[in-house]
Every structure is written in structure tokens, then in C-alpha cells.
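K.L.:
need coordinates for the below:
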Amino acid sequence: MRQLLVVAAAFAALVPTAAPAAAVPPGQVYFWPEPGQMGAGGAWAYSPPGYREADPRVKRHAYSFDSHAAVSVYAISYQSGGSCLYREIRPDDYDNDWTAWATKFDGVSDTTMGCEQG
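P.N.:
Model (predicted):
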């Protein structure tokens, strides 16, 4: 019985206790509602081309992102008065604490959409 307990303990030490974070597939950009690539409901995904309005979970609340898109994409923020700002997200770019843009994020596009850099 003691040998069985030792073998079981050794096996348990080899098995991870927490699942690793989901890998971002090639061609996609993931946005999370919390820092550290976490948050209720998981990531919201964008794949170029075109513009997509952010999911309510991350709209004006995207505190982390990870890009595996093959091209630069642009976070878009709509301002009062009809103007807009963009922030370039390059291929393989990520930010685990995107507080500078977290509360500005409205959507993402494969173009700057005529917005000013912000």
C-alpha cells in the first residue's frame, strides 16, 4: 500500500494543477476584460480584414490583448464630436496590462479608418 501511495504522489507532482492559458491561433487577435489575459467569458477574438465593434465584455474594458495576426491591426476609439483615435497593434504584440487603452477600446480594424493616432 505504501508503494502505491508513493507512486500516486509522484504522478500527481507531474500533472499540472491549472490548465495553461489558451493559445491565440495564427491570424487572430484576442482581447480580455481583465489584466493578465483573464476575465469572465474568456477572450473576444478579432480576425482581419474589416472592422468589428468590440463585444460588450471588452468594449471600453479591454485590459489585455495578444496578437497573432499576420498584419498590423488598429484598436479604434470613438471620441465625442465624431472624431476617433487609433492605436496600432503589430503582429505578435501583446500587453498584459493595457491600462492606457483599456477604457478607450471600441473596436478593431485592419485600417486606421481615417482616425488620428492616439
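K.L.:
where does this structure dip in pLDDT?
P.N.:
Counting by pLDDT under 70, the chain shows low-confidence ranges at 1-22.
K.L.:
just the strands in it please.
P.N.:
Taking DSSP state E as the test, the strands found in the chain are 29-32, 44-46, 52-53, 64-67, 73-78, 84-89, 94-95, 107-109, 116-117.
K.L.:
which helices and strands does the last one pack with?
P.N.:
Going back to what we said before, that points to strand 116-117. Where contact means 3 or more CB pairs under 8 Å, 6 or more residues apart in numbering; DSSP states H and E, strand 116-117 is packed against strand 84-89. Bear in mind the C-beta positions are built from the backbone N, C-alpha and C, glycine included.
K.L.:
distance between the strand it packs on and the chain's centre?
P.N.:
15 Å (CA atoms, centre = their mean, to the nearest Å).
K.L.:
returning to that earlier point: the strands of the chain into a markdown table, with extra columns for distance to Met38 and mean neighbour count?
P.N.:
A markdown table is the format used below for the strands of the chain (distance: least, CB to CB, whole Å; neighbours: other CB atoms under 10 Å):
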| stretch | distance to Met38 | mean neighbour count |
| --- | --- | --- |
| strand 29-32 | 6 | 25 |
| strand 44-46 | 13 | 20 |
| strand 52-53 | 22 | 13 |
| strand 64-67 | 7 | 24 |
| strand 73-78 | 19 | 22 |
| strand 84-89 | 19 | 18 |
| strand 94-95 | 13 | 17 |
| strand 107-109 | 19 | 22 |
| strand 116-117 | 29 | 10 |
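K.L.:
what is the end-to-end distance of stretch 84-103?
P.N.:
Using CA to CA, to the nearest Å, the span of stretch 84-103 from its first residue to its last is 14 Å.
K.L.:
whoops, I mixed them up, stretch 48-63
P.N.:
Terminal-residue distance, stretch 48-63 (CA to CA): 21 Å.
K.L.:
so what touches it?
P.N.:
Residues from elsewhere that reach stretch 48-63 (CB atoms under 8 Å, 6 or more residues apart in numbering): 27, 31-35, 39-41, 44, 46, 69, 71, 73, 75-76, 97-99, 101-111, 113.
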